[in-house]
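Engineer: show me how the following folds:
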Amino acid sequence: MFEISDFYTYCAEHGVDVIPYFGCPQPGATVRDEGYYAVFLDFSKIQSTRLLRGVCCHELGHAATGALHKVDSPYELAERSEYRANRWVAERFLSREEFAEAFRNGCRELWQLAEYFDMPQEDVQKALHYWTECKGVDFNRPESVGAMGAKDGQN
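Structural biologist: Sure, this is the predicted structure:
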């Protein structure tokens, strides 16, 4: 499960600057200049700790994978970068085991899962979609949640 300290620890260990930047079009953005990364956080757009956790977790996915795109490039798709960052987050912080634990604890509705993970519903929904639709995990069948099979080990 993701903690904000995971974000700051990763950034400190990997030389990623964290910069408060008011006026950013989104609550968070990750940029790269040559080999240097920076995460910009617009705290005027982050209204809760839950949203801060979601933004930090997502931007960490971008920084860790290098999944960035040029804003003005007709050849690089933003969706591809977003998918890679979201997949990394699901595999590290909203894992199949974490979801299985949440389901065993009685969380069934999206809002319950969001409360369990203390993450925005949109982020939890993306991770749940990744596990159920992309990886074929059925959290209602315990045998489906077990160790990764050959299909799941592929990227």
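
Engineer: could you pull out the helices for this structure?
Structural biologist: Secondary structure of the chain (DSSP state H): helices located at 4-14, 49-65, 78-92, 96-104, 110-117, 121-129, 150-153.

Engineer: buried stuff in the longest one?
Structural biologist: It stands for helix 49-65. 50-64 (16 or more other Cβ atoms under 10 Å). Every C-beta, even on glycine, is put in place using the N, C-alpha and C of the backbone.

Engineer: now the first one
Structural biologist: Using 16+ other Cβ under 10 Å as the test for burial, helix 4-14 gives 6-7, 11.

Engineer: bridged to G28, which residues?
Structural biologist: Partner residues in beta bridges with G28, using DSSP bridges, are L41.

Engineer: returning to what we had before: among the helices of the chain, which is nearest A29?
Structural biologist: Of all those, helix 49-65 sits nearest to A29, with 7.3 Å by Cβ to Cβ.

Engineer: hmm, back to that, just the closest of the buried residues of helix 49-65 to S81, please.
Structural biologist: For the buried residues of helix 49-65, the nearest to S81 is H62 (7.0 Å; Cβ to Cβ).
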